Every structure is written in C-alpha cells, then in structure tokens.
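*Asks:* here is a sequence together with a model predicted from it:
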Amino acid sequence: MSFLFRRLGFYLAAFLAAATVNFFLPRLMPGDPIEIMFSSAGGDLSVENLEALKLTFGFVDGPLWQQYLTYLQSVFTGDLGRSIKYYPLPVTELLGRALIWTVGLMGTATLISFTLGTVLGIMAAWRRGSAFDVVFSVGAIMATSMPAMVLSLMALFFFGFELNWFPTGYAADPALDPAFSWQYVSSVVRHGILPVLTLSIVLTGGFLVTMRNNMINLLGEDYIVMARAKGLSNSRVMFWYAARNALLPTVSSLAIAMGTVLGGSLVTEVVFNYPGLGNTLYQAILARDYPVIQGQLLIMTLAMLTANFIVDISYVLLDPRLRSA
Amino acid sequence: MGAVLKSFAQNRKALTGLVIVAIIVALAVAAPWLTEYDPTRRVGRPHQPPSWDHWLGTTRIGQDVFARLLYGARTSLAVGFGAGLLITAVGTILGIVAGYKGGRTDEVISFFTNMVLVVPNLPLLLVLAAFIGQASPWVIALILGVTSWAWGARVTRAETLSVKQKDFVKSAEMLGEPSWRIMLFEIFPNVISIVGINFVGSVIFAVITEATLEFLGLGDPKTVSWGMMLFNAQNASALQVGAWWDILSPCFALVALGAGLSLLNFAVDEVANPRLRTGNTLSRWSLLMRQGEGRL
C-alpha cells in the first residue's frame, strides 16, 4: 500500500511541475507575454473580458509568486479559462467536443493494434527465426520508425485521392446532422477507416516487438521446459504458460498507450483534418490561442499520469512480489 | 569488443541497415555532383512530372525535387545524428552517475527522469517550437536533446546498477581509483550496448520528430529539408492536384532512412541480447563456438 501512496505523491509532484512549466512558458517568451497573448484577439475582446482572461492566467498585478498561486488555484478548480480564438467558448467545452472524436479514433486503433500485435508477437516468438518471424518482427520495427505523416499521407493519396475509396477529411459528412441514424453512423465509420488504419499500423509494431521480446526471454525458463516435458499441447504452453507471463510488461505499454491517446494522434488528425484533440491543439498553436494550448497540455499530462497510476495498480494486482514492498 | 563487432558484421540485418544508411549519407555528401540545380532556386515550370531534365519533377514554385531531396538529406542526417548524440550523451551521463553514485544523487536524478518521462513529449515539443517561432534545424535538435533524454537515462541507470555489483568494479574501488575514472573506464565500456541502442533509437526519433515539426509548419521556411518539402507540398495541395512526386519523394526518403536505421537498431539489440537473435541455428552455434575459442 505504501508503494501506491509513494507513487501517488510522485504523480502529484509531477502534475505540479507540469502546471508550473505551463505557467512559465508564456512568461519565458521574448517580449511582454500579455501583449503577445492577447494581441491575436484584436478588438474582439472588451476591457472587462480581457481583465477576466488575465485573471484566469494569473496575470494579475503583484509579485510573481502571487500570480503563480492565482494560476494554480484556477487549475485545481478545473477552470481552464476561455478560448481566445473562439471567444467566449470555455476551453473545457472546446476540448470536450474534440475529446470524443479522439477517444473514438485512438480507442479503436489501440484496441485493434493491441490484439493484433500481441497475437502476432506470440506467434513470432514461438517460431523464432522462421520466415514468419523475420517478416513480422522486421516489418514491425520498420512500421514504428516511420513518421506518422508519411503513412497518413500515403494512405490519403492512394485510398483517398487515387482510388477514391474513402473520404479525405472530417469526421463525418458535414452535410449530415449528428444523430443516431444509420446514415450518420455509417458516415462516421467511413471517415474513420483511414485514420484508424494508419494509426493501427504504427501502434501494432510497438506491441508486437514488446510481446515478441518478452516471450523469447521467457521461453528459456525452466517452467516452460517442464510444461513441454509434461506433454502439454503447443498452444497450451504457448498461451497459458509463456504468453500469460509475457503479457505483464505489455499491459504497462497498453496503459501508457492509453495515456498518449490524447496526444498520439495529432499528426494523423491534422493530415485527415479530423476534429479531434490533436487537431484542436494544432489549430490553437497556429492561432496562438494560449488558454487552449495550456489547458490541453494539462489535460494530456493528467491523462498520462492517470495511465501511469493504473499501471502501478495493475502491477500490484498482477505481481504479488510488489504487494509487500 | 572485437567479438561484438564481429557478430555485428555477420548479422544480415545490420549489414542491410548499414548499406541503406551509407547510401543515403553518400547521396547527401555527393549532392553537388549529382545535380546541377540549386535546391532553393526556381529552375523549371511549376509542378512538372518527372522527366529527363527533372528526375523527380518540380515543386509548386518550380524548384527541382531531386535537388531538394539530396540537399534535404543533409539536414535530416545532421539533425538526426546531432540530436541523437546529444540525447544519448545526456542520458548516458545522468544514467551512469545516478546508478553508480546512488543515494541522494540518484534520488534527485531519478525524480527528474521520471518527471520528464510522464510529460507528453510531442505536444510539449510542438508548444516549445511554436513559442520559439520558425525554429531552425539546429534549434529543433537542441530542443530534442533537452527534452528527450529521459528514457536513455532510465535504462542506462538500470544497467549501471547491475554492472556496479561486478567484481572488477569492486576491485577498482579498493585500489582507490577516483569515481569519475571508474564510471568512465569500468562502467561505461560495459553498458556500451545499451548506449548503442539508445543512440540509434534517438537518431530515428530525432529524424522523425524534426520532419514532423517542420511538416506541421513550425520550422524555418528557408530550410531545405524533407520535413519542409512535405510542408510545402501539402501547402501547395500537391495531392489534390495530382502532383504525387512532390509529396511521395520525401515520404519515400523518410521511409528509407527510417528502415535503414531501424534495421541497425534491431541488430544492435540482437547483439546486446543474444536470446533475441534469429538467423539459422547452426551458424549461431558455430559463431558461439568460435567466440568461445577466442576467449579461452
């Protein structure tokens, strides 16, 4: 239990550090941060609104530590301020809308690639050195070292523009109203296929390599030899003896992948013009919409920390040796 | 060390990867002799398909794509290896110091390492690059070096912890050698395989990330690089108007470099961890035998 408490303390410190970085970033920029932050808003902001905005970001009069405390207070009360570009839309609402698309996109891709990568990794390790292993493990390594935009652009070119099989942008046909109808849902699915496909290819590689290497390290263990000596069937040894134990580190990479869900699909979303969180962050960066950028970074860090904490908990549950420590 | 190099040279993946990377390096170095065009000048009509005059066609504003690809390779390679070196150096030094010194030093370094590890990397890089504005390749390399060392530090520390327990380190300590000397001459050579994996992995990461940042429009527009080529092609709607050569050329270049480097990484991994090796069993066995002879 003390292990979990220690980790929890660490995550709190890490979150505080991230919030601090967030606080200082605009202040480290050359020039007057307030000028830069609000110049893009131009004449759209009234004086009172400007004051309110400044307040949320701790740009109050007073010494730096006072500004810092004001900022922390607004962060911990969940007030992320309002977007400058889409004033007066609250940042939380803007991000909330985008979140649904990203979670759908990355959730599907992560699920597909985890299943596929794990099964292929088990099989590659089992037939180590065979053509199957060489093709899939080398292919997986190459897939992970391919920039996301290269895959996305190629998929967009061949399947979107050349073959015209799939739409080339947006999450659904803009002409349709969001509703739980067959027409709308099928449109969402059609728009999601290419982004999910490219994301899955990149993610599968990582899961496959992790699983394969874990498996190979375990296959030399005595209890595997013993299971075989008992005359158990290949598939039983493969899945119930080796894979079960090799899965532990993979579970952690699954959770980490879930944590990066919010940031992981940025490039893909930009290429396919998909209205998810990544694209929202990108547009905010281009428009210098600081409240959105800061809010997004905080949320991403929070997701990452939560995922890490889930890993810790699952380790305690799965590995009895950690419970006493 | 000799045995390591030898098994590396006999690894088919390592050789393939090395050849691919060597070809790209050679093309980048020989750029002025391979093309007569200036990569920044308008040398033809806009968006011409590949022809004898322009092997890979021209861009939206009439620059030669082949020339830009060759000169762009210089940027990608320089940033990749520069940032890779920086990332590896920082990670290795912090990892060895934390692992060997232990105690308070270890606690502080490990705390920062874990902290950097849990902050999402790409969004942070994007924001940093955006705040700096029109980041040149060198600035990008520097940002990468500062933000991406944590993974290397963690694995190097773990490896150092196990090497530290070995007898030769204990005897060096008893001889009264200063700790910097032990870290440099006793620990470092024995964690070199981890450092190698870290280095190649960091180079891949740096090449990808530099191209990504530039593709997203956060780079310096005057740069000639693969990332900028993608950004310009995308801005010129190259796919929509069917100018596939403009966008697919840098794509394939990045794929080739990534494939070469990842094959190398795979091979380094296999050399460091013999259990992972594929290849046929007999040659592996005979290799082990020969290595055994050399040592006995």
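*Replies:* Cool, the structure landed.

*Asks:* please count neighbours and contacts with C-alpha atoms only from this point.
*Replies:* OK.

*Asks:* tell me, how many residues neighbour B:Thr147?
*Replies:* Neighbour count of B:Thr147, defined by other CA atoms under 10 Å in any protein chain shown: 16.

*Asks:* can you pull the contacts of it?
*Replies:* B:116, B:121, B:125 (CA atoms under 8 Å, 6 or more residues apart in numbering or on different chains).

*Asks:* these in helices, which ones?
*Replies:* B:116, B:121, B:125 (DSSP state H).

*Asks:* the second one and A:Thr110: what is the separation?
*Replies:* Pointing back at B:Asn121 there. Taken as CA to CA, to the nearest Å, the spacing of B:Asn121 relative to A:Thr110 amounts to 19 Å.

*Asks:* which bits of chain A sit near chain B?
*Replies:* When proximity is defined as CA under 8 Å from any CA of the partner chain, chain A approaches chain B at A:14, A:18, A:26, A:29, A:128-130, A:134, A:138, A:141-142, A:145-147, A:149-150, A:154, A:157, A:161, A:213, A:216-217, A:260, A:263, A:267, A:285-286, A:293, A:297, A:300-301, A:304-305, A:308.

*Asks:* can you show me the helices along the stretch 51-200 of chain B?
*Replies:* Secondary structure of the stretch 51-200 of chain B by DSSP state H, counting those that start in this stretch: the helices cover B:65-101, B:103-118, B:121-132, B:137-147, B:150-164, B:167-174, B:179-181, B:192-215.

*Asks:* with the stretch 1-150 of chain A instead?
*Replies:* In the stretch 1-150 of chain A, the helices defined using DSSP H, counting those that start in this stretch lie at A:2-28, A:33-39, A:47-56, A:64-76, A:91-126, A:131-144, A:148-155.

*Asks:* packing partners of the last one?
*Replies:* Here helix A:148-155 touches helix A:182-219, helix A:266-271, helix B:244-272, going by 3 or more CA pairs under 8 Å, 6 or more residues apart in numbering or on different chains; DSSP states H and E.

*Asks:* 7 Å instead, please
*Replies:* Other elements packing on helix A:148-155 under the criterion 3 or more CA pairs under 7 Å, 6 or more residues apart in numbering or on different chains; DSSP states H and E are helix A:182-219, helix A:266-271.

*Asks:* most packed of those?
*Replies:* Ranked by mean neighbour count under mean count of other CA atoms under 10 Å in any protein chain shown, the helices and strands packed on helix A:148-155 are led by helix A:266-271, which reaches a mean of 24.

*Asks:* pull the CA atoms of it into CSV?
*Replies:* Written as CSV, here are the backbone C-alpha positions of helix A:266-271 (Å, rounded to 0.1, in the frame of the first residue of the first chain):
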residue,chain,number,x,y,z
LEU,A,266,-2.0,14.6,-33.6
VAL,A,267,-0.3,14.2,-36.9
THR,A,268,-2.9,11.8,-38.2
GLU,A,269,-5.7,14.1,-37.2
VAL,A,270,-4.0,17.0,-39.0
VAL,A,271,-3.4,15.1,-42.2
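
*Asks:* surely B:Arg45 meets B:Asp64?
*Replies:* No - because the distance of 9.7 Å does not satisfy CA atoms under 7 Å, B:Arg45 is recorded as not touching B:Asp64.

*Asks:* give me the below-cutoff pLDDT ranges for chain B.
*Replies:* In the predicted model of chain B, residues B:1-5, B:7-9, B:273-296 satisfy pLDDT under 70.

*Asks:* quick check, central residue of it?
*Replies:* B:Val203 (0.8 Å; CA atoms, centre = their mean).

*Asks:* wait, isn't that residue in contact with B:Gly84?
*Replies:* Yes - B:Val203 lies in contact with B:Gly84 (CA under 7 Å); the separation is 4.4 Å.

*Asks:* nearest spatial neighbour of residue 119, chain-adjacent residues omitted?
*Replies:* Since no chain was named, I'll use chain A. A:Leu208 (7.8 Å; CA to CA, 6 or more residues apart in numbering or on different chains).

*Asks:* nope, chain B please
*Replies:* Nearest non-adjacent residue to B:Val119 (CA to CA, 6+ apart): A:Thr301, at 5.5 Å.

*Asks:* go on, A:Thr210?
*Replies:* For A:Thr210, the spatially nearest residue (CA to CA, 6+ apart) is A:Thr250, at 6.6 Å.

*Asks:* what's the answer for B:Ala150, then?
*Replies:* Of all residues not flanking B:Ala150 in the chain, B:Thr113 sits nearest, at 5.0 Å (CA to CA, 6+ apart).

*Asks:* who has more neighbours, B:Arg45 and B:Asp64?
*Replies:* Set side by side, B:Arg45 and B:Asp64 show more neighbours around B:Asp64, with 32 against 14, by other CA under 10 Å.

*Asks:* residue contacts, that one?
*Replies:* Contact criterion CA atoms under 7 Å, 6 or more residues apart in numbering or on different chains gives B:37, B:39, B:43, B:54, B:57-58 as the residues in contact with B:Asp64.
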